[in-house]
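Q: Below is the sequence, then the predicted model.
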Amino acid sequence: MIRDFEASEIDPLAVGAWILGTGGGGSPYLAQLNLKKLYKDGKRVKLIDPNALDDGDAVAVVSKMGAPLVGQERLVDPAHLARAMQLMEEYTGRKFRAVMSVEIGGGNALSPFLAAAMLDIPVVDADAMGRAYPEAQMTSFAIGDLPMYPLTLVDCRDNEAIVAKAASWKWMERISRKICTEVGSTSATCKAPRTGKEVKEWGVLHTVTKAVSLGRAVLEARAAHTDPIAAVLAHEGGKVLFKGKVADVDRTTTGGFLRGAAMIDGLDDDRGARVELAFQNEWAVAFRDGQPIAMTPDLICLLDTVSGEAIGTETVRYGQRVTVVALPAPAVLTSPKGLEHVGPRAFGYDLDFKSVFAA
């Protein structure tokens, strides 16, 4: 099935994707404005169900790459995302049937829409994470041991790079991250092309629809003056972990990532306790008074207590009244192979994964 992606879906997509981004993927606000302008200028995008892809179809996988804080200052032009796809087509000699995002989280959920509007091809209703993650090997395609090369990268200075081959997913991350860092820690990329068969077998399916539906639930709750966080929990089957006020933020951009921690002092029933949210672009582990209470791949989301708006690792600041919630992760991420790629040890924490949702 293929359908028109309506202009009225842009805002819900941005709201829902920002929540699913678990603090990362970059704020969707600027991409949201960009896409609205493209629609105002007469561009349109179609959304294709992944099951409607032929097995042999070539599918582009695009994203903005870099540190989210840099992305707030150096904007990604839709033309750069489109050019990364065109460069891949030139290199491989194959035309793309459709485009998808590597991650449904944050601004990267809108990246394929920006490219699709420029190139007039459909966006696949799927991604490779069901959330956001910072590194190349942290995808369902990597978990499935699919090929990790080639990769194309484009920046705002007309620099273009092709990583023709890499020995492993981690080597692809290291090489492409080094290039990205050298061009200013933000760039547009087209990852290794996927076939329709690979997307259907290893993609996290129907996540665009999921993000739009989640965003609508939040926007409808705000309009009805009901609790938007309760709407998120009901929609996703999530749990509240902590309520409080941001007391401190330790944040630095290094190695092409945004790293650090946010300290939250408890309010209401959590008064007297403190939660530390450690992050590498995305929230990775939540510690309450030094003890882990939630960890990747469960989705740890920081939400504005009043509006339900997601708060990113680059936008969290002192004094915000926040609620920390956990949402269930896609099954592929919680499998034994998945945990090797995205469990707490993949981020350097000597912790065995224990889900908030374990029986």
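A: Great, that's in hand.

Q: contacts, neighbours, all on C-alpha from now
A: OK.

Q: Residue 4: neighbour count?
A: Other residues near residue 4 come to 11 when the count uses other CA atoms under 10 Å.

Q: separation between residue 341 and residue 46?
A: For residue 341, the distance to residue 46 under the criterion CA to CA, to the nearest Å works out to 32 Å.

Q: do residue 349 as well
A: Relative to residue 46, residue 349 is positioned 41 Å away (criterion: CA to CA).

Q: what about those two, which has more around it?
A: Taking neighbours as other CA under 10 Å, residue 349 and residue 46 compare with residue 46 leading, 19 against 13.

Q: what pLDDT, on average, does the helix or strand hosting the more buried one get?
A: Using DSSP states H and E, residue 46 maps to strand 45-48. Mean pLDDT, taken over the full extent of strand 45-48, equals 98.

Q: Flag the shaky bits of the stretch 1-150 of the chain, pLDDT-wise.
A: Low-confidence segments of the stretch 1-150 of the chain (pLDDT under 70): 68-69, 72.

Q: all helices in it, in order from the N-terminus.
A: When assigned using DSSP state H, counting those that start in this stretch, the helices of the stretch 1-150 of the chain occupy the ranges 10-20, 29-40, 68-71, 78-92, 111-119, 140-143.

Q: Without its sequence neighbours, what residue ends up closest to residue 313?
A: residue 23 (5.1 Å; CA to CA, 6 or more residues apart in numbering).

Q: Ok, which of the helices of the stretch 1-150 of the chain comes nearest residue 260?
A: Shortest distance between residue 260 and those, using CA to CA, is found for helix 68-71: 12.4 Å.

Q: Could you tell me the angle between the helix or strand hosting residue 217 and helix 10-20?
A: Counting by DSSP H and E, the element that carries residue 217 is helix 207-223. Computed by axes from the mean of the first three to the mean of the last three CA atoms, to 10 degrees, the angle separating helix 207-223 from helix 10-20 equals 100 degrees.

Q: Packing partners of helix 207-223?
A: Taking 3 or more CA pairs under 8 Å, 6 or more residues apart in numbering; DSSP states H and E as contact, the helices and strands that helix 207-223 lies on are helix 10-20, strand 126-127, helix 228-236.

Q: Could you rerun that using 6 Å?
A: Here helix 207-223 touches helix 10-20, going by 3 or more CA pairs under 6 Å, 6 or more residues apart in numbering; DSSP states H and E.

Q: just checking, what packs against the helix it packs on?
A: Helix 10-20 sits against helix 207-223, with contacts defined as 3+ CA pairs under 6 Å, 6+ apart.

Q: Pull out the buried positions in the helix it packs on.
A: Neighbour-count burial for helix 207-223, counted by 16 or more other CA atoms under 10 Å, picks out 207-222.

Q: Can you show me the helices along the stretch 201-350 of the chain?
A: Taking DSSP H, counting those that start in this stretch as the criterion, the stretch 201-350 of the chain carries its helices at 207-223, 228-236, 331-334, 336-342.

Q: Quick one: distance of the second one to the chain centre.
A: Put simply, helix 228-236 sits 19 Å off its chain's centre (CA atoms, centre = their mean, to the nearest Å).

Q: State the mean pLDDT of it.
A: For helix 228-236, the mean per-residue pLDDT is 98.

Q: what's the answer for the third one, then?
A: For helix 331-334, the mean per-residue pLDDT is 98.

Q: quick one: contacts of it?
A: Contacts of helix 331-334 from elsewhere in the structure, counted by CA atoms under 6 Å, 6 or more residues apart in numbering, are residue 338.

Q: redo that, cut-off 8 Å
A: When contacts are taken as CA atoms under 8 Å, 6 or more residues apart in numbering, the neighbours of helix 331-334 outside the stretch itself are 129, 140, 143, 297, 338, 339, 342, 343.
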